[in-house]
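Trainee: sequence plus the predicted model coming up.
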Protein chains: 2
Amino acid sequence: MNHRIAIIAVSAALLCHYGKAQTVPVTPTAFRPAESNQPGKLYPQVNTTGHVRVSIAAPLANKVQLDIGGKKYDLAKDEKGVWTGESLPQDEGFHYYQLIIDGAAIPDPASRYFYGAGRLGSGIEIPAPDEAFYALEDVPHGLVSENIYYSSLTQTWRRCFVYTPAAYYTSNTSRFPVLYLQHGSFEDETGWATQGKANLILDNLIAQQKAKPMLIVMDNGYAFKPTDSTSTAPARQGASIFEDVLIKEVIPMIDSRFRTLANKENRAIAGLSMGANQTMRIAMNHTDKFAYYGGFSGTSNYPDSNAIDVNQFLGGKFKDGAAVNKQLKVFWLGLGTREPVPFPASVGAFRAMLDKQGIKHVYYESPKTAHEWLTWRRSLHQFAPLLFR
Amino acid sequence: MNHRIAIIAVSAALLCHYGKAQTVPVTPTAFRPAESNQPGKLYPQVNTTGHVRVSIAAPLANKVQLDIGGKKYDLAKDEKGVWTGESLPQDEGFHYYQLIIDGAAIPDPASRYFYGAGRLGSGIEIPAPDEAFYALEDVPHGLVSENIYYSSLTQTWRRCFVYTPAAYYTSNTSRFPVLYLQHGSFEDETGWATQGKANLILDNLIAQQKAKPMLIVMDNGYAFKPTDSTSTAPARQGASIFEDVLIKEVIPMIDSRFRTLANKENRAIAGLSMGANQTMRIAMNHTDKFAYYGGFSGTSNYPDSNAIDVNQFLGGKFKDGAAVNKQLKVFWLGLGTREPVPFPASVGAFRAMLDKQGIKHVYYESPKTAHEWLTWRRSLHQFAPLLFR
């Protein structure tokens, strides 16, 4: 992939936490293997209070730690050389984590692996009270397809995943609307259909007739000119050309390969964090192509929290509020109640601008979640039912 | 998955090698990052002589080893706490491997992860002289789709992957033949489209007009009655009901979801190792459903190497050689020249029976490969062109 150098270069920094090491006393509540474990693995485990317990055999090790949620926790060794320990309670939802054995930061051999923070690594699912909306239920299931394509613009092979709803296979003539859905920084095109559970969320919504059957296209948000592709960090990659790749290459490919309703009224675009920022620019630059926008934990004024000058911002795209209200049927924003700086203030400044301009929008807050996947699963679950009405 | 307990229970044993630890002197030939690495990772590396070089930072570790090909190799630590070392030359093709840090067997944080040996773990690609046949080339690419389905027979959710050729998307009416392709023991439904590269192999063959456009269905070969599903090892899982699941559930689902040519003449079945054994039984029990059989590194007399009694073997299915020649258009067997006991003798005994019965068959040998994925990639590459003629 064209971003392989870039996303890895800073991953070490992203994964490096500075929380003070600590050991947490074993809690009495029942632990069970995490849903995100490899088949049959008994660890890592989670309990009802959100504690994470890991265990790994390392008989010759001097020090083993669990690294999760910005803190490192020392594990204790038993007489058999098995190290076990727990974290403090974690937010409900999905978290990336790693183990540290004598200074080596490694994936937990018992977890499944997820692409985030610029690497394939361990993740863990903490049960949430509303987890049924993204659970594997006894409903018709759509397919998730891996699509490989060559980009003339980046001169690299790229990949997108396409969710096709169960109804796509009940007729060879029916056509469907499309949601283009983007990941965040240091993530990739696998995120939404893996830790994002976008396919299960839509399977459930569609089965409950809460959302219209739709395709979801999940591409890779890192795209650069060939001349920029040899550099080693996003900042030095030059300007992103993802907008061009999506508009000139991906959308035409999807509309030719799949039975889509290829018009503005049947096309939505959304993204999380960096993807929210990217897709807002794309939606506003191509109001002839998209009628719906969703920004999950991000806006294009990021990281700025100051009042937005509508004459300057995105080339004045928000100056005429009435025009924006006509152009977009749904303008949707979501945020977790525990998101860190600068997200609340930056999204807040953006919403203040929308209000000042009289631009109608939906705003959703995910309770008790930070800048993580449960915030984005819930955002998709709230956003999808509003589409293509 | 219904086999999650079973396949993991013995994985430790499978991964536990007893080769004598040794350090190999650094060779002069150029090393480059392996094709199987995570994006942007500089290690592990391979060179033209098949040596594997790994490197990991573990400043506080006492001992770090590379575990590959049945041997453990001690790594050496530099002043920065980075451990580096090399293996002896490995066979060309794909191999599973792991690192051992102070007794902890872990995935290499720099490799991609592959399901085999009963776990998601590290794998490495050693360049082969014929690697172009499974390379990502500038040709039309088919899609690989994840299909989730509920099995009434196992009473579990199951999954298969379906390769649809590029031609599937150029028309909404064209119909295609189907190859059912199975993995080996302690592997799963992800193997053929990941380390097997079945999609790329067919993309290339079809583009060169050496194989007909076809669907490939890759299911999970572990299927047991609900009453058996709580046990913890294949041996204690009771009889496999994969044959019933494939015939009664998977084939009807595929023929209803996809535009297939749903008849014997347009249906093939093949598998590797355990999958070769399973699919031979299925092909012979359902000669009304399959016209083509491929056995890659396995036959149903496994592990026996004695002369086969055609009156007893598979209920006498091979007694009437003329009938078998009528029933199956292609009976194909493949083996690597470096396969371990009992495969050469067991497959040899089976071929002797075929010859004695006058049963026409194709036999292929993969040069310089053992019971590993390059043998099976080459087998698919040889087998697919013979199908649906």
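Mentor: Sure thing, it's come through. Numbers count the residues shown, from 1 in each chain, chains lettered A, B, ... in the order given.

Trainee: how does chain A divide into domains?
Mentor: Using automatic domain parsing, the domain parsing of chain A gives A:32-127, A:133-386.

Trainee: including mean pLDDT and mean neighbour count, could those go into CSV?
Mentor: Backbone N, C-alpha and C define where each C-beta goes, glycine included. Shown next, in CSV, are those (pLDDT from 0 to 100; neighbours: other CB atoms under 10 Å in any protein chain shown):
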stretch, mean pLDDT, mean neighbour count
domain A:32-127, 97, 21
domain A:133-386, 95, 20
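
Trainee: those domains: which one's closest to chain B?
Mentor: domain A:32-127 (2.9 Å; CB to the nearest CB).

Trainee: need the domains of chain A in JSON lines with distance to residue B:291, can you?
Mentor: JSON lines is the format used below for these (distance: least, CB to CB, whole Å):
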{"stretch": "domain A:32-127", "distance to residue B:291": "34"}
{"stretch": "domain A:133-386", "distance to residue B:291": "26"}
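
Trainee: for those domains, which one sits closest to residue B:180?
Mentor: Taking CB to CB, domain A:133-386 is the member of the domains of chain A nearest to residue B:180, at 17.6 Å.

Trainee: circling back: looking at the domains of chain A, spot the one closest to residue B:146.
Mentor: Closest approach to residue B:146 among the domains of chain A (CB to CB): domain A:133-386, 4.7 Å.

Trainee: now the terminal residues of that closest one, how far apart.
Mentor: 16 Å (CA to CA, to the nearest Å).

Trainee: chain center to it, what's the gap?
Mentor: Mean C-alpha position of domain A:133-386 versus that of the full chain (CA atoms, centre = their mean, to the nearest Å) differs by 10 Å.

Trainee: which residue is nearest the middle of chain A?
Mentor: residue A:183 (4.5 Å; CA atoms, centre = their mean).

Trainee: please name the nearest non-neighbouring residue to that residue.
Mentor: residue A:191 (4.2 Å; CB to CB, 6 or more residues apart in numbering or on different chains).

Trainee: I'd like the distance between that neighbour and residue B:373.
Mentor: 27 Å (CB to CB, to the nearest Å).

Trainee: near chain B, which residues of the stretch 251-389 of chain A show up?
Mentor: Contact residues, the stretch 251-389 of chain A versus chain B (CB under 8 Å from any CB of the partner chain): A:256-259.

Trainee: same thing but at 6 Å, please
Mentor: residue A:257 (CB under 6 Å from any CB of the partner chain).

Trainee: ranges for the strands of the stretch 201-350 of chain A?
Mentor: Applying DSSP state E, counting those that start in this stretch to the stretch 201-350 of chain A gives strands spanning A:215-218, A:267-272, A:292-296, A:330-336.

Trainee: got the CA positions of the third one in PDB?
Mentor: Think strand A:292-296. Provided in PDB are the C-alpha atoms of strand A:292-296 (Å, rounded to 0.1, in the frame of the first residue of the first chain):
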ATOM      1  CA  TYR A 292     -25.600  13.000   3.000                       C
ATOM      2  CA  TYR A 293     -22.600  13.700   5.200                       C
ATOM      3  CA  GLY A 294     -21.600  12.200   8.500                       C
ATOM      4  CA  GLY A 295     -18.700  13.300  10.700                       C
ATOM      5  CA  PHE A 296     -17.800  11.000  13.500                       C
END
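
Trainee: hey, which helix is longest across chain A?
Mentor: Counting residues, the longest helix found in chain A (DSSP state H) is helix A:343-356.

Trainee: give the contact list for residue A:198.
Mentor: Residue A:198 sits next to A:192, A:216 when contact means CB atoms under 6 Å, 6 or more residues apart in numbering or on different chains.

Trainee: please redo it, this time with the cut-off set to 10 Å
Mentor: When contacts are counted by CB atoms under 10 Å, 6 or more residues apart in numbering or on different chains, residue A:198 touches A:134, A:142, A:144, A:161, A:163, A:179, A:181, A:191-192, A:216, A:218, A:376-377, A:380-381, A:384.

Trainee: so which of the residues you listed belong to helices?
Mentor: Short answer: those in helices (DSSP H) are A:376-377, A:380-381.

Trainee: between the residues you listed, which is nearest residue A:247?
Mentor: If you rank the ones in helices among the contacts of residue A:198 by distance to residue A:247 using CB to CB, residue A:380 comes first, at 22.3 Å.

Trainee: ok, that closest one touching residue A:202?
Mentor: Yes: judged on CB atoms under 10 Å, residue A:380 makes contact with residue A:202 at a distance of 8.0 Å.

Trainee: quickly list what's touching both of the two.
Mentor: In contact with both residue A:380 and residue A:202: A:134, A:179, A:211, A:216, using CB under 10 Å, 6+ apart.

Trainee: now do the contacts for the residue nearest to the first one when sequence neighbours are not counted.
Mentor: Which is residue A:134. Spatially, and ignoring its direct neighbours in sequence, residue A:134 is nearest to residue A:197 (4.2 Å; CB to CB, 6+ apart). Residue A:197 makes contact with A:94, A:125, A:131, A:133-136, A:203-204, A:373-374, A:376-377, A:380-381 under the criterion CB under 10 Å, 6+ apart.

Trainee: also residue A:282?
Mentor: Residues near residue A:282 by CB under 10 Å, 6+ apart: A:180, A:182, A:242-244, A:246-247, A:269, A:271, A:289-290, A:293.
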